[in-house]
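1. A structural model of the following input is requested.
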Amino acid sequence: MFPDCETWHFGVLSFTGTGHLNPLIALGQELVQRGHRVTFFERPKIRERVEQAGLEFVPICSERSTQARKPPQPSANLRAELAMLRFNLQRTAQDVERYLRESPAALRRAGIDALIVNEIALTGPTLAQLLRLPYFIISTSVPHNCGWSAYPWYSGYRFMRSPVNIVERALLEVTAVRVRGPIRNALDRYRRCAGLGPVCAMQKSYPPLAQITQLAQCLDFPEVRLPENCHYTGPFVCGAVRPAIEFPWERLDGRPIAYVSLGTTRNAQGRILRLVAEACDGLDLQLVISLGGRFPPEEFADLPGAPLVVSFAPQLELLERARIVITHGGPNTVFEALREGKPMVAIPLAHDQPAIAARVARAGAAQVLPVMRLSAQRVRSAVTAVLKDPSYRDAAMALRKQIHATRGVERAAEIIEEGLRRHMQEWRRPTGA
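-> This next block holds a predicted model:
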C-alpha cells in the first residue's frame, strides 16, 4: 500500500563489496535528502558503514550457516579447480536460499514501499514479485545484459588458465537479470513453492520499473542499444559516504604519484603487485599501493623501489593527486579515476573488468594489458607510454568533463522517483478507466 504523500520507504538489496556499496550508499543519501526513508538489508559486516552514512540497516543472514564449509586448498591441477568450482556454486546457491528464507519477513516488518536491487543481488526480483513490490535494478558497472561477454577468453582480456575457468565464468558471472545453472535451480525451487513462474520469465512477468547504470553513455560503445527502460546516469560518487582512513601523508616525497589498486573482492594476485613494482622501479614515480584488505602490508616490504603500501587508502584524495592509475578495471576505481581525469593502465582479472577496461581503452584513456601474458616489461612499456603520450591524459580529461555533466546520483534519484510516481498513478487508476 502506497502512502498518500510522495515520500517512500526504499529497501536496498546491496552487496558487501566496496565497489557496489559505495554507489548504493550515495544513492541512498540522495534519496534521504529528497525526504524518503532508505533501509539496507544485508549481512551485519556493513552495518557500521551504512549507519555512519545516516541510513537505516536491517541485518540479514546474521547467523553463520551450519552448512558452511572451508574452501578447498588452491592448486593448479584439474581436480582442485573442479573442487573449487563446486564449492563456489554450492556456497552461492546456499546464500540465495538463506536470503530467500530470511528476507521476506524482514521486508514486511519494515514496511518497504519499493526495492532498489543491486544487479548482483540475485534474489531481488524474486523477493519483489513475492511481496508485490515495485523495484529498480542498479548496475554499478556495465549492465550485465548489455556487454559483459563481449570479450571472450582468447582475446587475452580475460584471465583463463584452463577449460574449467571458462565453465566457471559461464556459471558464476550471474546477476539478477541473467542467472544460470545450479544458482537458477535454487531460485526456481523457491519460486515453484511460492507459486511463481520460472526466473527466466521474470523480465516479462514482473519487470523492474527501470534499470539504471552508473556507466556514463560517453564511455559506452556506440553500437550498444540499451533496453527502453534502461538508463545511463554516470557514476554515483559522494565523498561523504567514505569512512575516514588513516594514511601516512608525510611519506609522500613530492614525486608524481602512480596509484595502484586491484580492488577488494578479487584482489588475490599478489604477483601482479610485484610485477608492477618491478616495472615502475627507476621511473620518476612514487608508487602508492592499496591492498584492499587482502594482504598484510608487511608481505610487500621488499618490493623494488620501496613503494608506499597500505591495507586501505583514501582513494578519492589520492586520485586527485595521482598522475597515473594502475588498476584491475573495476568500476569503483575506474569511474572515480575518470572523474578526476586520470589516465590508466588496466589489468582486468574477472567478471565485468574486461568490459570496463575495453571501453576506457576505446575512449583513448587507458592501455589494457592481458593478465595471461603479463610481465614487468609489458607493464613498464604501458606505464611509460601513458605518461609520455599526452593523448591519454587529454582523453581522460575529456571524459571527466562529460562525466561531471551527467549529474550521476541526482539523475538516478529522479528516474526512481518518476518511475515510482507513474507506477503509483497506474495502481490508483480505477479498473476500466
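2. elements contacting the least confident helix or strand in the chain by mean pLDDT?
-> Least confident helix or strand of the chain, by mean pLDDT, DSSP states H and E, is helix 163-172 with a mean of 73. When contacts are defined as 3 or more C-beta pairs under 8 Å, 6 or more residues apart in numbering; DSSP states H and E, helix 163-172 packs onto helix 78-110, helix 181-193. C-beta coordinates here come from the backbone N, C-alpha and C atoms, glycine included.
3. Using neighbour counts, pick out the buried residues of the next helix or strand after the shortest one.
-> Okay, so that is helix 181-193. Next along the chain after helix 181-193, taking DSSP states H and E as the criterion, comes helix 202-205. By neighbour count with 16 or more other C-beta atoms under 10 Å, helix 202-205 contains the buried residues Met202.
4. I'd like the next helix or strand past helix 202-205.
-> Trace forward from helix 202-205 with DSSP H and E and the next one is strand 210-213.
5. what are the C-alpha coordinates of that next one, in PDB please?
-> Provided in PDB are the C-alpha atoms of strand 210-213 (Å, rounded to 0.1, in the frame of the first residue of the first chain):
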ATOM      1  CA  ALA A 210      13.800   0.800 -14.600                       C
ATOM      2  CA  GLN A 211      17.300  -0.400 -14.800                       C
ATOM      3  CA  ILE A 212      19.900   2.300 -14.000                       C
ATOM      4  CA  THR A 213      23.600   2.000 -14.800                       C
END
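6. Pull the residues that contact that strand.
-> With C-beta atoms under 8 Å, 6 or more residues apart in numbering as the test, strand 210-213 has contacts from 119, 136-139, 141-143, 146, 177, 226-227, 229-233, 412, 415-416, 419.
7. Tell me how many other residues crowd Gln425.
-> A count of nearby residues for Gln425, using other C-beta atoms under 10 Å, gives 9.
8. domains in the protein, as residue ranges please.
-> 9-235+407-428, 245-404 (automatic domain parsing).
9. Compare the mean pLDDT across the helices and strands packed on helix 163-172 and name the weakest.
-> For the helices and strands packed on helix 163-172, mean pLDDT drops lowest on helix 78-110, to a mean of 85.
10. could you give the angle of that helix to helix 163-172?
-> Compare the direction of helix 78-110 with that of helix 163-172 by axes from the mean of the first three to the mean of the last three C-alpha atoms, to 10 degrees and you get 10 degrees.
11. ok, now how distant is Val58 from Ala194?
-> 21 Å (C-beta to C-beta, to the nearest Å).
12. So between the two, which is more surrounded?
-> Val58 (19 against 12).
13. so the more buried one touches Val38, yeah?
-> No: using C-beta atoms under 8 Å, Val58 is not in contact with Val38; the gap is 11.4 Å.
14. quick one: low-confidence ranges for the protein?
-> 1-5, 63-77, 146-147, 149-162, 238-242, 264-269, 427-433 (pLDDT under 70).
15. re the thing from before, looking at the helices and strands packed on helix 163-172, spot the one closest to Gln217.
-> Minimum separation from Gln217 across those (C-beta to C-beta) falls at helix 181-193, 30.6 Å.
16. So which bits of that closest one are buried?
-> Ile183, Arg184, Ala186, Leu187, Asp188, Tyr190, Arg191.
17. mind listing what the fourth one touches?
-> With contacts defined as C-beta under 8 Å, 6+ apart, Leu187 is in contact with Val96, Leu100, Leu122, Thr123, Thr126, Val179, Val199.
18. One more: the fifth one?
-> Under the criterion of C-beta under 8 Å, 6+ apart, the neighbours of Asp188 are Pro198, Val199.
19. Roughly how far does it sit from Pro235?
-> Between Asp188 and Pro235 the computed distance is 34 Å (C-beta to C-beta).
20. From the chain's centre, how far out is stretch 109-116? Work that out for me.
-> 23 Å (C-alpha atoms, centre = their mean, to the nearest Å).
21. which residues are contacting it?
-> By C-beta under 8 Å, 6+ apart, stretch 109-116 touches 2-3, 8-13, 24, 27-28, 39, 41, 58, 107, 124, 127-128, 131, 133-136, 138, 209, 416, 420.
22. let's see 6 Å
-> The contact list for stretch 109-116 (C-beta atoms under 6 Å, 6 or more residues apart in numbering) reads Trp8, His9, Phe10, Gly11, Val12, Thr39, Ala128, Leu133, Pro134, Tyr135, Phe136, Leu420.
23. Throw the buried residues of helix 181-193 into JSON lines and include distance to Glu299, thanks.
-> Formatted as JSON lines, the buried residues of helix 181-193 follow (distance: C-beta to C-beta, whole Å):
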{"residue": "Ile183", "distance to Glu299": "34"}
{"residue": "Arg184", "distance to Glu299": "39"}
{"residue": "Ala186", "distance to Glu299": "37"}
{"residue": "Leu187", "distance to Glu299": "39"}
{"residue": "Asp188", "distance to Glu299": "43"}
{"residue": "Tyr190", "distance to Glu299": "42"}
{"residue": "Arg191", "distance to Glu299": "45"}
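24. who are the neighbours in contact with Gly19?
-> Contacts of Gly19 (C-beta under 6 Å, 6+ apart): Gly330, Pro331, Asn332.
25. JSON lines for the residues you listed, including secondary structure?
-> Compiled in JSON lines, the contacts of Gly19 are given as follows (DSSP: H, G, I helix; E, B strand; the rest coil):
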{"residue": "Gly330", "secondary structure": "coil"}
{"residue": "Pro331", "secondary structure": "helix"}
{"residue": "Asn332", "secondary structure": "helix"}
